[in-house]
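Visitor: For reference, the sequence and a predicted model appear below.
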Amino acid sequence: MDDTVLVTGATAGIGEELARRLLERGARVLVHGRSQERAAAAVERIGGGEVGVADLASFAQVRALVDEVARRFGTLSGLVNNAGIGYNTAPPRGQRTEDGHEPTWQVNFLSAFLLTMGLQDPLVAGRGRVVHMSSGVHSSGSVDLERPDEPRSASPYAQSKIALVMLAREQGERWRELGVDVNACSPGWIATKMGGPGGGSLAEGVDTPLWLLTVPELAGTTGRYFWRRHEEEPNPQVEDAEARTGLWDLAERSVSGSAG
C-alpha cells in the first residue's frame with residue numbers, strides 16, 4: 001500500500017490504532033493531534049508516521065493544517081475524520097470556541113467539513129477515500145438546523161454524529177464524478193477514553209474504517225453508512241435531501257464566517 005492517509009485524532013484510541021494498522025500496510029500516515037508533543041509521542045509509539053497539528057476547536061488552525069497537507073503531500077488517498085469530543089470528554093454546557101460555536105459541534109462536525117472541503121484537490125488527485133467516523137447513537141434525534149449550537153432534539157454529541165452521516169451522503173453524491181468515495185461508519189462501542197470501560201477492543205473499532213479505506217472492491221462505494229462491514233439504515237434525516245442541503249449550507253456559512 002503506497003498511499004498517504006491523514007487520520008485525525010490519532011494520538012490515542014481508535015485513531016492511533018488505525019494509524020498503526022495503516023503503517024503496517026505500508027501507507028504514509030499523517031498522525032494528527034492537538035499539539036506537536038501529543039502527535040510526536042503517538043508517532044514514536046506506533047513506530048512511524050508524520051506529525052500534523054491542529055486544534056479542531058479553531059478554524060484558523062484547521063485551515064493551516066489544510067495548507068500544510070497540500071504543500072507537503074499534494075495527493076491524499078485517504079482522510080479519516082476520527083477526532084472528536086465524546087460523552088466522557090464533553091465540555092461544560094454553554095462553553096463556546098474562539099469561533100463562537102458549541103465545542104462538540106465544531107470539533108466533531110464543522111471542522112471535519114472544513115478539513116474535507118479544504119483537501120478536495122489532494123483527494124481528487126489521489127482518487128482518495130474519506131471516512132467520517134460516526135456512532136450508533138446517531139440513529140435517534142435530528143440535527144437542529146436552526147439552533148445547532150443549542151440543539152433541542154439530540155445531545156450535542158449525537159447531533160454531530162447524525163451530521164457526519166448526512167455529510168457522507170451529500171458529499172458522496174456531489175463528489176461521485178470526482179472519483180472520491182465518501183462514507184460514514186460506526187466503530188461500535190469501544191473501550192477508549194471517549195467510550196469508557198466495558199466496550200469492545202481497538203481491533204474491533206478499527207476494522208470497518210480500515211476496510212473502507214483499503215479494500216479494492218469498495219472503489220465507487222460512496223455516500224453510505226456502515227457498521228461491522230455491513231451497510232446499515234441511517235437516521236431518517238439522512239434521507240431528507242432538503243435537510244442535507246440545509247446542513248451543507250449551514251456548514252458553509254459557519255466556516256466562512258470565521259474567515260480572516
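Guide: On my side now, so go ahead. Residues are numbered from 1 along each chain as shown.
Visitor: For R63, which residues are in contact?
Guide: L114, G118 (CB atoms under 8 Å, 6 or more residues apart in numbering). Where C-beta positions appear, they are placed from N, C-alpha and C, glycine not excepted.
Visitor: Which element, helix or strand, includes it?
Guide: Secondary structure from DSSP states H and E places R63 in helix 59-72.
Visitor: Beyond that helix, next helix or strand please.
Guide: Per DSSP H and E, the first helix or strand lying C-terminal to helix 59-72 is strand 78-81.
Visitor: On the pLDDT front, check G195 for me.
Guide: With respect to pLDDT, G195 has a value of 49.
Visitor: Same question for G188.
Guide: With respect to pLDDT, G188 has a value of 64.
Visitor: same thing with the one 10 residues further on?
Guide: pLDDT for G198: 56.
Visitor: go on, the one 4 residues further on?
Guide: The predicted local distance difference test score for L202 is 83.
Visitor: Identify the residue spatially nearest to it, adjacent ones excluded.
Guide: E17 (4.2 Å; CB to CB, 6 or more residues apart in numbering).
Visitor: For the one you found, grab the count of nearby residues.
Guide: For E17, the number of neighbouring residues by other CB atoms under 10 Å comes to 21.
Visitor: hmm, back to that, pull out the buried positions in the helix holding R63.
Guide: By 16 or more other CB atoms under 10 Å, the buried positions in helix 59-72 come out as F59, Q61, V62, R63, L65, V66, V69, A70.
Visitor: now swap in stretch 34-49 and tell me
Guide: Buried positions in stretch 34-49, judged by neighbour count with 16+ other CB under 10 Å: R34, R38, A39, A40, A41, A42, V43, I46, G49.
Visitor: what's the spacing between the first one and G136?
Guide: Read that as R34. Distance, R34 to G136, using CB to CB, to the nearest Å: 26 Å.
Visitor: if we can go back for a sec, show me which pair in the buried residues of stretch 34-49 is furthest apart.
Guide: Using CB to CB, the buried residues of stretch 34-49 span at most 17.1 Å, a distance reached by R34 and I46.
Visitor: Show me what the longest helix belonging to the chain is packed up against.
Guide: Scanning the chain for the longest helix, with DSSP state H as the assignment, gives helix 156-174. For helix 156-174, the elements it packs on are helix 103-105, helix 111-118, strand 129-133, strand 181-186, strand 225-227, helix 241-256, judged by 3 or more CB pairs under 8 Å, 6 or more residues apart in numbering; DSSP states H and E.
Visitor: Sketch out the low-pLDDT regions of the stretch 101-250 of the chain for me.
Guide: 188-199 (pLDDT under 70).
Visitor: Pull the contacting residues for E102.
Guide: Going by CB under 8 Å, 6+ apart, E102 touches Q95, R96, P148, D149, E150, P156.
Visitor: Could I get the residues you listed in CSV, plus columns for neighbour count and distance to R169?
Guide: Below are those laid out as CSV (neighbours: other CB atoms under 10 Å; distance: CB to CB, whole Å):
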residue, neighbour count, distance to R169
Q95, 12, 30
R96, 13, 28
P148, 22, 18
D149, 19, 23
E150, 12, 25
P156, 23, 21
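Visitor: sorry, back to before: any chance of the helices and strands packed on helix 156-174 in JSON lines, with mean neighbour count too?
Guide: Listed next are the helices and strands packed on helix 156-174 as JSON lines, based on neighbours: other CB atoms under 10 Å:
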{"stretch": "helix 103-105", "mean neighbour count": "24"}
{"stretch": "helix 111-118", "mean neighbour count": "23"}
{"stretch": "strand 129-133", "mean neighbour count": "27"}
{"stretch": "strand 181-186", "mean neighbour count": "27"}
{"stretch": "strand 225-227", "mean neighbour count": "21"}
{"stretch": "helix 241-256", "mean neighbour count": "16"}
